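Peer 1: just coords:
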Ligand code: GLY
């Protein structure tokens, strides 16, 4: 597989410039600090988190501050108008998971995206006011801060508010991202006004100010959740819904609550796995796949060998098939979590594995082709000097969600409703299938793949990881864990090395360009993995901004798949 060459962080700025052109050529060395570490997709947001740690905040304070900052500095996925999951492991061993996933509005109906003939209406669940779920991020971030943080709401929101009001210099990556979406933003006056420079594209170095968003943040800073779910922001969101035919009402907003859930707990070769439970499918699937792999000598097979890829693809195929049938919002559907993560079940599920031949995914209507649009979600990892660890993934679903800003708020609204199963066995944007467990119902949370995960060893947090990338989130998280635990990679290699993905349906292996050597590919094809699709590095398979405890401190790694991220303090 692709060789990784490292450079020292002193050349960091140069690296970023080079990465913009050829992101997969080199991998920066991980950052090191004895005093805690933050890694996120936004350099400015990582600096906010590192500053909170430097001022004595704990990992939760830093993660919450990063969450609010990402809504300003990385608006394609960071958000106030979306949702997310946060997995926490405090240094005393306490574990917790906060679910602030969006919910279907109370007026949502099971068949709301179908036409009179029962067919899915294209783009209704992704590009319309009906695509928007009731946002959860603000409630979740505030609840997490209250329960496990040490700083005040004012202290952790102030940096984001300042960045929104005073602005920050756009990097090339973000300026280009705004420019690419201009035709879509043009459909909504408020969105076009924010993400263009008076109708022209923003350029690198332009100062990007978001006055309305600054005021929305100020209302949250002053009044807590009521500053978002009630009052002016709520009025403006409801007005936007009424203007565009959306469903969210004052009752939906005022009634939104984040939920504390018991994390999914697994073990893998002497390591504890702490991950997100339903309504995420991520934690269940990661533990299920690790259970299937544990019986095999993964290290001896070797990173990148056809034998190991075959084992992993077959584990992925079985786990994703279970996802379609069994995973959904546990408040609405009896998800058999304990059975799915049981080691005996994994042995039984993998009993028909043939080391000499690929199996075939069930004959169900095939999923869509590789999405042309880079799906967006974002992940941040934080660990503080005491070993408190936070794994945080947040999303608007697709890049910039519905592209709709609720006029007057600066808040981009999600299009998370597409993560429901609009119709049984009909693929969503990510080609994922679903059934009854993930059918739409009022007040229900749509199934997610977000997989914020913490790996602990000998009673201490070792690795904090997770990823964006829709359905590929789960297999990215799996591979980072296997790279560390089985292949003994350092954080830089574990994060940077090429990755592949299989999700049962469509029956194909996605691999990053040059991720399989020619002979690995030939062997895989000989085993029956004939549908192998190469994707450009950094497109389709997401980044994994991660931190890891190392000798004398902590390593932090902004995945070289993205150009704008950073780990710090630097
Ligand atoms: N919207 C992507 C996910 O939650 O899986």
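Peer 2: Yep, it's here. Computed from a prediction, not measured in an experiment: that's the story for all the values here. Numbering: from 1, shown residues only.
Peer 1: how near is residue 124 to residue 444?
Peer 2: 18 Å (CB to CB, to the nearest Å). In short, each C-beta sits where N, CA and C put it, glycine included.
Peer 1: could you check how many residues crowd around the residue lying closest to residue 441 once chain neighbours are set aside?
Peer 2: Once flanking residues are discounted, residue 441 sits nearest to residue 332: 5.8 Å by CB to CB, 6 or more residues apart in numbering. For residue 332, the count of nearby residues is 18 (other CB atoms under 10 Å).
Peer 1: report pLDDT for residue 332.
Peer 2: Note on residue 332: pLDDT of 97.
Peer 1: and for residue 84?
Peer 2: 98.
Peer 1: look at it and give its secondary structure.
Peer 2: When classified by DSSP: H, G, I helix; E, B strand; the rest coil, residue 84 comes out as strand.
Peer 1: again with residue 315
Peer 2: Applying three-state DSSP: residue 315 is helix.
Peer 1: roughly how far does it sit from residue 391?
Peer 2: Distance, residue 315 to residue 391, by CB to CB: 22 Å.
Peer 1: got the residues of this protein near the ligand?
Peer 2: 377, 395, 397, 416, 419, 448-450, 470 (CB under 6 Å from any ligand atom).
Peer 1: buried ones from those residues, can you make that a ChimeraX selection?
Peer 2: In ChimeraX, a selection of the buried entries from the residues of the chain next to the ligand looks like this (16 or more other CB atoms under 10 Å):
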select :377,395,397,416,419,448,449,450,470
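Peer 1: read off the pLDDT value for residue 11.
Peer 2: Reported pLDDT for residue 11: 31.
Peer 1: now flag whichever of the residues of the chain next to the ligand is closest to residue 130.
Peer 2: residue 416 (11.8 Å; CB to CB).
Peer 1: contacts only, for the closest one.
Peer 2: 82-83, 101-102, 131-133, 395-397, 401, 446 (CB atoms under 8 Å, 6 or more residues apart in numbering).
Peer 1: for it, what are phi and psi?
Peer 2: phi -70, psi -20 (degrees, to the nearest 10).
Peer 1: wait, isn't residue 432 in contact with residue 321?
Peer 2: No. Residue 432 is beyond contact range of residue 321, at 11.3 Å (criterion: CB atoms under 8 Å).
Peer 1: joint contacts of those two?
Peer 2: residue 505.
Peer 1: who has more neighbours, these two?
Peer 2: For the pair residue 432 and residue 321, the greater number of neighbours falls to residue 432 (25 against 18), based on other CB under 10 Å.
Peer 1: the more buried one in helix, strand or coil?
Peer 2: coil.
Peer 1: not counting residues beside it along the chain, what's closest to it?
Peer 2: residue 471 (5.3 Å).
Peer 1: quick one: that neighbour and residue 431 touch, right?
Peer 2: Yes. Contact status for residue 471 versus residue 431: in contact at 6.8 Å, counting by CB under 8 Å.
Peer 1: contacts only, for the nearest residue to residue 305 once chain neighbours are set aside.
Peer 2: Once flanking residues are discounted, residue 305 sits nearest to residue 520: 6.9 Å by CB to CB, 6+ apart. The neighbourhood of residue 520, defined by CB under 8 Å, 6+ apart, consists of 1, 304-306, 309.
Peer 1: in PyMOL, select just the buried ones from those.
Peer 2: To isolate the buried ones among these in PyMOL, judged by 16+ other CB under 10 Å, type:
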select buried, resi 1+304+305+306+309
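Peer 1: just flag the most distant two among the contacts of residue 520.
Peer 2: 1 and 306 (11.0 Å).
Peer 1: grab the most central residue of this protein for me.
Peer 2: With distances taken as CA atoms, centre = their mean, the chain has residue 468 as the residue nearest its mean C-alpha position (3.3 Å).
Peer 1: could you find the closest non-adjacent residue to that residue?
Peer 2: Nearest to residue 468 is residue 377, by CB to CB, 6+ apart, at 3.5 Å.
Peer 1: secondary structure class for the residue nearest to residue 305?
Peer 2: helix.
Peer 1: ok, the helix or strand hosting residue 392: who's next to it in the sheet?
Peer 2: Using DSSP states H and E, residue 392 sits within strand 389-395. Counting by DSSP bridges, the strands paired with strand 389-395 are strand 83-89 (antiparallel), strand 378-384 (antiparallel).
Peer 1: format the ones you listed as TSV; extra columns: mean neighbour count and distance to residue 280.
Peer 2: TSV is the format used below for those (neighbours: other CB atoms under 10 Å; distance: least, CB to CB, whole Å):
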stretch	mean neighbour count	distance to residue 280
strand 83-89	29	6
strand 378-384	32	13
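Peer 1: can I get these in a markdown table with distance to residue 276?
Peer 2: As requested, the strands paired with strand 389-395 are arranged in a markdown table below (distance: least, CB to CB, whole Å):
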| stretch | distance to residue 276 |
| --- | --- |
| strand 83-89 | 5 |
| strand 378-384 | 11 |
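Peer 1: rewinding a little: what comes into contact with whatever helix or strand comes next after the strand holding residue 392?
Peer 2: Proceeding N to C from strand 389-395, the next assigned helix or strand is strand 404-406, under DSSP H and E. Residues outside strand 404-406 that contact it (CB under 8 Å, 6+ apart): 81, 129, 132, 188, 190-191, 194, 233, 236-237, 239-240, 244, 411-413.
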